[in-house]
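> okay, here's the prediction I keep looking at, along with the sequence it came from:
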Amino acid sequence: MSKREIGESRLTLPQVKKILGDIGEENLDQFQRRTLDYVNKFSKVDPDKAEELLQTLVKEYEIDEAEAVQIINCMPETVDELRVFLAGGRKIIETAKLQAIVALLNENRTLK
């Protein structure tokens, strides 16, 4: 019996948290429980907001999906912190656009 890949998609930490939470902690194996513990500690936005943010960053701000996922996972608070995630890109993004992205992140940030 051969294995085949069904599909692959990038997920933010809040999305992983929701998926594992829906399964139920009692039904998770050891690796999944460790993953759930990690995402509980480091998720900085609600799962529904994370999906909205991902779509907004990709469509409106034209950021690659991989970069957008990392931005949502870390939720940078300043333009300088945001630039770290975009440094590998080939295009230069205006400071005003970066400030708008930081403002968007701050609006959706979950306070802990």
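Now that the structure is in, tell me what you want to look at. Numbers count the residues shown, from 1 in each chain.
> my guess is Arg33 contacts Glu25, does it?
Yes. Using Cβ atoms under 8 Å, Arg33 is in contact with Glu25, at 6.7 Å. Placement of C-beta: from N, CA and C, glycine included.
> using the record's assignment, carve the chain into domains.
Structural domains assigned to the chain are 13-42, 47-108, following automatic domain parsing.
> could you dump those into TSV with distance to Arg4 added?
As requested, the domains of the chain are exported to TSV (distance: least, Cβ to Cβ, whole Å):
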stretch	distance to Arg4
domain 13-42	22
domain 47-108	23
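> reformat those as TSV; add mean neighbour count, distance to Gly7 and mean pLDDT.
Formatted as TSV, the domains of the chain follow (neighbours: other Cβ atoms under 10 Å; distance: least, Cβ to Cβ, whole Å; pLDDT from 0 to 100):
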stretch	mean neighbour count	distance to Gly7	mean pLDDT
domain 13-42	14	14	94
domain 47-108	15	14	91
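> of those, which approaches Ile6 most closely?
Nearest to Ile6 among these is domain 13-42 (15.3 Å), distances taken as Cβ to Cβ.
> now that closest one, how far from the chain's geometric center?
15 Å (Cα atoms, centre = their mean, to the nearest Å).
> endpoints of that domain, how far apart?
8 Å (Cα to Cα, to the nearest Å).
> which stretches of this structure form helices?
For the chain, helices defined by DSSP state H occupy the ranges 13-23, 30-42, 47-59, 65-74, 79-86, 95-108.
> tilt between the third one and helix 65-74?
Here helix 47-59 points in a direction 140 degrees away from that of helix 65-74 (axes from the mean of the first three to the mean of the last three Cα atoms, to 10 degrees).
> now the second one
Taking the same axes, to 10 degrees, helix 30-42 and helix 65-74 form an angle of 70 degrees between their directions.
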